[in-house]
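Colleague: A structural model of the following input is requested.
(one chain, ligands or ions: 1)
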Amino acid sequence: MFDNDLHKPPFKRIEKGQRLSRLDDPRDSKIERLEEELWLTGIQLILTRPEPVVKLLRYGQAKNWSELNEWRLDVIDKTMDIAREEIQSRPKDGEQRIKCPLCGQAPGSKPMGFLLGGLRTHLDDNTGSSDCFVLARAIKNIIYQNKHRWSV
Ligand SMILES: [Zn+2]
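Modeller: Numbers count the residues shown, from 1 in each chain. Modelled structure (predicted):
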């Protein structure tokens, strides 16, 4: 079921002493405003990243959970390609570690970055979640954008 009005806060006037129904709970509109702010902050976060990352994350169109997962795996593969190409462009005995191309982070104890295997785990820990806050936010943004169309 898709209803454009579902995301709008209820402005129905509540009389003194009137019991609030679940639909009239003012906390719902507050939560929805906070969700929208997080979504906007996520977009702004992605836009602060280098252009190839913005391009990679911008086309996150998914019509259902299965397509979202396909998109996620594609982003991970392409991020690994970016990392591999960067390492291969270095001198032969050059640094083999790389910071995450999406979020720019390195493991706490290794300021030069991840080895490729560690980067893969950073992006996808095989449970469908990610330590990469940029990828995690991009996924949550797609879920938010579709929350009234998918059964969440
Ligand atoms: Zn990352």
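Colleague: count the residues that sit near Glu85.
Modeller: Residues lying near Glu85 (other CB atoms under 10 Å) number 10. (Each C-beta comes from the backbone N, C-alpha and C, glycine too.)
Colleague: helix/strand/coil for it?
Modeller: Recorded secondary structure, Glu85: helix (DSSP: H, G, I helix; E, B strand; the rest coil).
Colleague: report pLDDT for it.
Modeller: We have a pLDDT of 94 for Glu85.
Colleague: roughly how far apart are it and Thr79?
Modeller: Glu85 sits 11 Å away from Thr79, going by CB to CB, to the nearest Å.
Colleague: then Pro50?
Modeller: In terms of CB to CB, Pro50 sits 12 Å off from Thr79.
Colleague: give the residues shared as contacts by the two.
Modeller: Counting by CB atoms under 8 Å, 6 or more residues apart in numbering, the contacts common to Pro50 and Thr79 are Pro101.
Colleague: compare these two (neighbour count), which wins?
Modeller: Thr79 (25 against 12).
Colleague: please give me every residue in contact with the closest residue to that one other than its chain neighbours.
Modeller: In space, and not counting its chain neighbours, Thr79 is closest to Pro101: 5.3 Å by CB to CB, 6 or more residues apart in numbering. Neighbouring residues of Pro101 by CB under 8 Å, 6+ apart: 50, 52-53, 79, 82-83, 86.
Colleague: residues near the nearest residue to Leu47 once chain neighbours are set aside, how many?
Modeller: Excluding the flanking residues, the one nearest Leu47 by CB to CB, 6+ apart is Val54, at 6.1 Å. If you count neighbours by other CB under 10 Å, Val54 ends up with 12.
Colleague: now swap in Arg27 and tell me
Modeller: Neighbour count for Arg27, taken as other CB under 10 Å: 8.
Colleague: tell me the predicted confidence for it.
Modeller: Looking at Arg27, its pLDDT stands at 80.
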